[in-house]
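Q: would you be able to build a 3D model of this:
(2 chains)
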Amino acid sequence: MRIILFTIVICNYLFSFDYKLEPIKISDNSYYFYGKKEYFSPQNGGNISNSAFIITNKSVIIIDTGTTVEYTKQAIKSIKKITNKPIKYIINTHHHPDHFLGNNAFKKDVKIYATTYTLNEIKNHGDLYITNMAHLIKDASYTTRLRIPTELLNKKSMKFDGYELEFYYLNGHTKDDLVILDRNTKTAYVSDLIFNERALATPHANFKKWIKSLEFMKNLDFKILLPGHGKVEYSKEVIVENIEYLKFIDDLLTNSANEGLDIFEILSEAEIPEKFKNYAMFEEEFERTIINHYPKYEREVRK
Amino acid sequence: MKNIFKLITFITFLLTSLNASNPVESPMFDDIMKQLVGDQKYIFDKDIEIKVPSFADNPVQVPIYIDGKSVKNAKRMIVFADLNPIPIITDVELKDFYPVISTNIKVAQETPLRALILDENGLWHVGSANIKSNGGGCDISSQASNNYEFAQLMGQTKGKIYTKKDVLRIKASVYHPMETGLVFGNNEFYINKIDIKSDNVTLASFKTTAAISENPRLILESKKNIEDFKMTFYDTDGNEFDLEVK
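A: Numbering: from 1, shown residues only, chains lettered A, B, ... in the order given. Below is the predicted model:
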C-alpha cells in the first residue's frame, strides 16, 4: 500500500512540477513571487528569480515571467485567487531566461512589452535558452515554448488602463536593463541591476556601466525596491552594497591583470571581504565572473 | 592482533600509493597513451598541479592551468583531453621553460584533462583532472568567422614579461579563429606551431591544435632570465605572425 502511494506521489511530482508560489504583498495593489537564491536545478524547477504583479483598476500588469511556462501558469492561478481582473500586460525587463521564458503561458491577446534589444535577443537566442533549460532543470521546462514580446517599449512613461508607470532604460547587467518606477506606490522594479544578499550574476555584464546605472538609481524617488533576485528592500543601502561589490570585482581584475596573474591564482589567492563571501551563490558566481571577464582585462594591459 | 592488522593496512596503503592507479578513469586513456608514448614507462603523479573550473559553463573557452614544476628538469610536456574529438592540445619541447602552461581550450563533453611530463630519466609523469561541462565546444564555428573585424584583427599579437615569485613569466596572445574544421562549411584553420626565441636561441617550441580556443592566450614560465623574446605563431595556411617583446 505504501509503495503504491509513494509511486502516486512520485508520478504527480514528475507530471507537473509544483512551484508552491505564494504572492508576497509589497503595497496595497502590488505583490511579488520570491525566487530562491539558487542556480537552475531540477529541484527548484528554475524558480530562481522574482516576478511581480500590479493590480490596477481594470487589469493586472505582470513584470517578468520566470523560467518556465509551468511557473507562469501557476503564477496566474495564484493571481486569480486574489483578483478576477484580467491579466492584460506583461513586461520583460531583460533578455535572461529566468525573466521571460514563461511568456507563452498567456493568451494570444495579452500584450508583452520589451525594449528593442531585449526583444531581438529573445528572438535570436530564445530557443537556445530553452534547450539549455531542458538540460539544467529537466521536466519542469518541457512544456516551455518561445513567445517573443509583441510590443516595443521606448517611451519614458506609459498608461496601462489609466495606471501610469515610468521607464528608465539602463544597462550594465546586460546591454539593456529596464527599471520600472511606479509612483503610485513609490516602488522601483529594478530587475537584475540589484541582487539582494546574493552574488551578482555577470555573464553579459559591463561593470563600469553597471555602476553608473546604480549611481543613477540612487537618485530615483522610491520607498520600495524590488530586485530581480533576493528579498524586497525598503532602503537604498542595497544599491550602495551592489556598487561596492562591482567595484571590488573591477579592481581585483584590473590589479591582477597588471601583476600578470593567472585566472586560478586570482580564484585561490584573492582577498575577499567577508560580507561578500556570505552572499548566496558567492563561490559559483565569483568563479564564473573571473573566468568570463578576466581575458578582457588582460587584453587591456597589453595594449 | 590489532597491531598486525594496522601493519597490513599500512603495507597495502604503501603498495597502492606506490603503484597509484588512474585517478580519473576513461575508456580512451590507454589508447591515447599508446599512441603518444608507445611502450615507454609512465606513472600517475599527484604532485602535478592541474586547475580547471568547477564547472565549465562555456565549452569554447575553458581555462586550464598546469604547473608541473615538481617534475625536475622536465624535457617535454604533452597536454590532452581524453574525450575530445581532437584530444591533443599541445606538445611542448620545453628546453629552457618550466612545464607550466595556462591557456583556454574547447571541450566537446565532460572529459579528463592530462598533463604528460617527461623527466630527465625518460619517465613520463601523468597529472589528471576532470573538466565538468555540458560540452559542445568543438562543433561550434568560431565567433571570429562571423565577425567583420576578423580580417583586420587576425594575426595581431600581444605579449608582456612579468616577474612573479622569482619566476619569469610570459603572457602572450594572438587573434586567430582556431577553426577545427569539424563544422560543415568551415575548413580547419588554426595555429599548429609556436616557437619562442631569445637572441636567436630557441627557448621552447610548441605543437598546437584547434583544441585551443580561438584568439589563444598563453601564460608560460621561463627558467632563463630573459629580457626580451620573439615568439612566432605558424598556422595551417602557412601564415607566420611574430610577437617581439622587450
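
Q: for the closest residue to chain B within chain A, give me its contacts.
A: Chain B sits closest to residue A:260 of chain A, with a gap of 3.1 Å, by Cβ to the nearest Cβ. (Each C-beta comes from the backbone N, C-alpha and C, glycine too.) By Cβ atoms under 8 Å, 6 or more residues apart in numbering or on different chains, residue A:260 lies in contact with B:160, B:162, B:164, B:169, B:171, B:219.

Q: quick check, nearest of those to chain A?
A: Looking across those and measuring by Cβ to the nearest Cβ, the closest to chain A is residue B:162, at 3.1 Å.

Q: name the nearest residue to that closest one, ignoring sequence neighbours.
A: residue A:260 (3.1 Å; Cβ to Cβ, 6 or more residues apart in numbering or on different chains).

Q: and residue 194, how many neighbours?
A: All of this is about chain A. Look at residue A:194: counted by other Cβ atoms under 10 Å in any protein chain shown, it has 24 neighbours.

Q: actually, chain B is the one I wanted.
A: 24.

Q: cool, residue A:108 as well?
A: 6.

Q: helices along the stretch 151-300 of chain A, start to end?
A: A:207-218, A:237-259, A:263-269, A:274-277, A:282-301 (DSSP state H, counting those that start in this stretch).

Q: and the contacts of the longest one?
A: Contacting residues not belonging to helix A:237-259 are listed as A:193-196, A:199-200, A:202, A:207-208, A:210-211, A:214-215, A:217-218, A:225, A:227, A:265-266, A:270, A:272-273, A:275-276, A:289-290, A:293-294, A:297-298, A:300-301, B:162, B:164 [Cβ under 8 Å, 6+ apart].

Q: returning to what we had before: switch the contacts of residue A:260 over to JSON lines; also include secondary structure, pLDDT and neighbour count.
A: Formatted as JSON lines, the contacts of residue A:260 follow (DSSP: H, G, I helix; E, B strand; the rest coil; pLDDT from 0 to 100; neighbours: other Cβ atoms under 10 Å in any protein chain shown):
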{"residue": "B:160", "secondary structure": "strand", "pLDDT": "91", "neighbour count": "15"}
{"residue": "B:162", "secondary structure": "strand", "pLDDT": "92", "neighbour count": "16"}
{"residue": "B:164", "secondary structure": "strand", "pLDDT": "76", "neighbour count": "14"}
{"residue": "B:169", "secondary structure": "strand", "pLDDT": "93", "neighbour count": "21"}
{"residue": "B:171", "secondary structure": "strand", "pLDDT": "93", "neighbour count": "22"}
{"residue": "B:219", "secondary structure": "strand", "pLDDT": "95", "neighbour count": "22"}
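
Q: which parts of chain B sit against chain A?
A: Proximity of chain B to chain A (Cβ under 8 Å from any Cβ of the partner chain) is limited to residues B:51, B:53-55, B:57-58, B:61, B:63, B:65, B:102, B:104, B:134, B:158-160, B:162, B:164, B:169, B:171, B:173, B:217, B:219.

Q: weed out the non-buried ones from those residues.
A: B:51, B:53, B:57-58, B:61, B:63, B:65, B:102, B:104, B:134, B:158-159, B:162, B:169, B:171, B:173, B:217, B:219 (16 or more other Cβ atoms under 10 Å in any protein chain shown).

Q: so who does residue A:62 touch?
A: If you count contacts by Cβ under 8 Å, 6+ apart, then residue A:62 has A:51, A:52, A:53, A:75, A:79, A:87, A:89, A:90, A:91 around it.

Q: thinking again about what came up before, in strands, which of the residues of chain B next to chain A fall?
A: Here DSSP state E is the test, and the residues of chain B next to chain A give B:51, B:63, B:65, B:102, B:104, B:158-160, B:162, B:164, B:169, B:171, B:173, B:217, B:219 as lying in strands.

Q: can you pick out the most distant pair from those?
A: Across these, the longest distance by Cβ to Cβ is 23.4 Å; it joins B:51 and B:158.

Q: enumerate the residues of the stretch 151-300 of chain A near chain B.
A: Residues of the stretch 151-300 of chain A lying near chain B (Cβ under 8 Å from any Cβ): A:203, A:259-264, A:284, A:287-288, A:291-292, A:295, A:298-299.

Q: write a PyMOL command that selects only the buried members of these.
A: Those of those that count as buried under 16+ other Cβ under 10 Å are selected in PyMOL with:
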select buried, chain A and resi 260+261+262+263+264+284+287+288+291+292+295+298
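
Q: does stretch A:122-142 reach chain B?
A: Yes - contact of stretch A:122-142 with chain B (Cβ under 8 Å from any Cβ) involves residue A:135.

Q: tell me the mean pLDDT for that stretch?
A: Averaging pLDDT along stretch A:122-142 yields 92.

Q: residues in contact with it?
A: Contacts of stretch A:122-142 (Cβ under 8 Å, 6+ apart): A:14, A:17, A:40-42, A:44-46, A:67-68, A:70-71, A:92, A:95, A:97, A:100-101, A:114, A:144-146, A:148-149, B:134.
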